[in-house]
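What follows is a protein structure lacking sequence information:
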Ligand SMILES: [Zn+2]
């Protein structure tokens, strides 16, 4: 087998291949890349297409908080795919976040995109959802800046990737944003207006991330205890998907913030096929740290002490557990060398855990068989 056969395929090819299916493709934010091999093995054994992704905050030209540049991330994912001999995966840039739209920020974003393209990324998520105009007189005015920046960046990718297909995710409604009444949810008319405006600019996203009740990472009650619940608003999510369909806009929903949702509830209640991409991030970090607790208690203790020492003062009144959960991601760069040189039995356990947990995600997402559908679409395309 040639090495390149296990390189990433275009995100657009995966979305095209599963079109019309009641399936969700898992997108794994592998902040500590060791989990990737287990995920790919499970993807292979269940015939599930998969996305491997990191957000701008996690991975940028300086290494983000994972210590990985786009090139490092690409190499680690490609190596893991090769070792697992798995072919149907996309290398995705999660949350290319643009917060102000300033000239400097745009220039830095272009440099990041250039590096991602050079590293072989096949899919991109532009997130200008923060640029919501709360003083707008109508939906269009509310979204104007997001529309403009998202279009500019998508057309930049199209221009720089030189005719190659790529997956495109865009975002309307900032995930986890709250006002005085709780989480702010995306309205169907906002999603429709946003996608229509992008189409008018020649930009055709495959997936749309919306604010539908989820938050990134774990959810806590007022006492600081983790609560497991179905946090997304299913009827509102369906309403957005239905509105998009009724307007003949072929775009699925990307669900962010899945870590806190039990998989039995995902399996029974998520609108599969309306939601077509499911991002799982914090969960994989937990797999690594929970394994270290038992296999490398001294390292775990160092990480715990560093995290609490650094972030306790900034989080008065919060339990240690919550402070650790919320900030241990910043320890990844600090302990980079240690995390990537764990004992062989530790690594084996991390990969086995990642494998087993992936099986459960793929089951809950009904993604089994999706890889073959994508392969079929690819072979029909090349005939
Ligand atoms: Zn996200």
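Received, thanks. Fair warning: this is a prediction, and the values are worked out from it, not measured in the lab.

where do the helices sit along the stretch 251-383 of the chain?
Under the criterion DSSP state H, counting those that start in this stretch, helices of the stretch 251-383 of the chain are mapped to 263-269, 282-295, 297-311, 320-327, 331-334, 336-339, 344-364, 370-382.

which one of those lies closest to residue 163?
For the helices of the stretch 251-383 of the chain, the distance to residue 163 is smallest for helix 370-382, at 14.9 Å, taking Cβ to Cβ. Every residue, glycine included, has its C-beta placed from N, CA and C.

and that closest one, what does it pack onto?
Helix 370-382 is packed against helix 11-17, with contacts defined by 3 or more Cβ pairs under 8 Å, 6 or more residues apart in numbering; DSSP states H and E.

by contact count, what packs against the helix it packs on?
Packing partners of helix 11-17 (3+ Cβ pairs under 8 Å, 6+ apart): strand 89-97, strand 123-127, strand 167-172, helix 370-382.

May I have the strands that pair with the next helix or strand after the third one, each with its orientation?
Just to be clear, that refers to strand 167-172. Per DSSP states H and E, the first helix or strand lying C-terminal to strand 167-172 is strand 178-179. Within its sheet, strand 178-179 is paired with strand 182-183 (antiparallel), according to DSSP bridges.

Following the chain past the strand it pairs with, name the next helix or strand.
Per DSSP H and E, the first helix or strand lying C-terminal to strand 182-183 is helix 188-200.

Report the separation between residue 178 and residue 222.
According to Cβ to Cβ, to the nearest Å, residue 178 stands 14 Å off from residue 222.

what do you get for residue 146?
From residue 146 across to residue 222, the span is 33 Å (Cβ to Cβ).

which one of these two has more residues nearby?
Each of residue 146 and residue 222 has its neighbours counted (other Cβ atoms under 10 Å); residue 146 has more, 28 against 5.

ok, that one - contacts?
128-129, 131-132, 171-172, 194 (Cβ atoms under 8 Å, 6 or more residues apart in numbering).

Okay, and it sits in which element?
Applying DSSP H and E as the criterion places residue 146 in helix 139-160.

For the nearest residue to residue 277 once chain neighbours are set aside, grab the count of nearby residues.
Leaving aside its chain neighbours, residue 277 sits nearest to residue 254 (4.2 Å; criterion: Cβ to Cβ, 6 or more residues apart in numbering). When counting by other Cβ under 10 Å, one arrives at 26 neighbours for residue 254.

Alright, calling it a day.
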